[in-house]
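have a look at this fold, sequence not included:
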């Protein structure tokens with residue numbers, strides 16, 4: 001569950017290229033799974049929202065109120081010059097914020113290090129945010145530019161000119177994927193999500209991004225799905241986890 005999971009339901013999803021670190025498969029894959037005795041266990045959804053100032057007035061008012069009510073909290077972007085320390089803070093929030101979610105599996109230090117190694121050079125600090133109470137991390141938001149918009153044009157080749165295409169093309173990426181957002185249980189329903197969204201959106205607009213994909217989210221996680229409506233987010237892709245019961249003695 002800490003990696004890419006889920007079959008894309010083509011019949012219930014909008015067409016288009018895959019987004020960074022999201023699964024993508026032909027429709028018949030699910031038919032094969034069904035024929036092998038697998039059935040739906042849980043759906044994961046992706047929502048798409050515009051990156052513009054339409055929701056800024058409301059978010060701005062909420063942000064001001066949250067900051068007034070919680071003067072002990074600070075909000076900041078990731079410090080790339082302290083990357084190892086920042087990873088430890090991510091682990092604290094990740095394993096504390098998601099532990100009661102369906103299907104949660106704690107992330108080990110080794111897994112976190114491996115993921116960080118893969119993503120470090122792709123991180124865009126203006127859309128990676130922490131909320132802290134003193135030195136304690138209490139919330140974390142990870143957004144990433146959708147570099148698939150560039151990679152898809154490289155034909156899977158870095159050489160001889162793929163690297164140049166990437167360097168030139170990444171400036172034209174106009175979509176963000178919001179990979180993760182978590183708040184420790186004792187700090188929920190305080191509006192920390194609104195502050196992080198507001199600050200991230202402000203910088204995304206300045207960076208020229210046009211849309212943001214929130215993914216993936218459990219289909220019944222209303223605590224996340226409802227606030228995204230503020231950004232005019234709409235469900236546009238669905239992914240399915242399947243399972244089957246193995247008869248005893250098999």
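Structure's in. What do you need? Please read all numbers here as calculations on a predicted model, not as lab measurements.

is it fair to say residue 236 lies in a strand?
Yes - counting by DSSP: H, G, I helix; E, B strand; the rest coil, residue 236 falls inside a strand.

lowest average confidence, helix or strand, in this structure?
When the helices and strands of the chain are scored by mean pLDDT, DSSP states H and E, helix 162-169 comes last with a mean of 80.

next secondary structure after it?
Where DSSP states H and E defines the elements, the next helix or strand beyond helix 162-169 is strand 175-183.

pLDDT value on the residue nearest the centre of the chain, please?
A centroid search over the chain (CA atoms, centre = their mean) returns residue 179, at 1.2 Å, as the residue closest to the centre. In this prediction, residue 179 carries a pLDDT score of 94.

repeat that for residue 250.
60.

and residue 154, by the same measure?
Model confidence at residue 154 (pLDDT) stands at 82.

repeat for residue 140
Each residue has a pLDDT score; the one for residue 140 is 96.

mind listing what it touches?
89-90, 93-94, 97, 129-131, 180-182 (CB atoms under 8 Å, 6 or more residues apart in numbering). From N, CA and C alone the C-beta is placed, and that goes for glycine too.

show me what the longest strand anywhere in the chain is in contact with.
Longest strand in the chain, counting residues (DSSP state E): strand 39-50. Residues outside strand 39-50 that contact it (CB under 8 Å, 6+ apart) are 5-6, 9, 14, 19, 22, 102-103, 210-219, 225, 228, 231-244.

shaky segments in this protein?
Judged by pLDDT under 70, the chain has its weakly predicted residues at 249-250.

out of everything not next to it in sequence, what's closest to residue 224?
Nearest non-adjacent residue to residue 224, counting by CB to CB, 6 or more residues apart in numbering: residue 217, 5.2 Å away.

state the distance from that neighbour to residue 163.
From residue 217 across to residue 163, the span is 34 Å (CB to CB, to the nearest Å).

of the two, which one has the most company?
Shown here are residue 217 and residue 163; by other CB atoms under 10 Å, residue 217 has more neighbours (20 against 12).

let's verify the more buried one: helix, strand, or coil?
With three-state DSSP as the basis, residue 217 sits in strand.

ok, it touching residue 226?
No - the criterion here is CB atoms under 8 Å, and residue 217 misses it with residue 226 at 11.0 Å.

give the residues shared as contacts by those two.
What both residue 217 and residue 226 touch, as defined by CB under 8 Å, 6+ apart, is an empty set.
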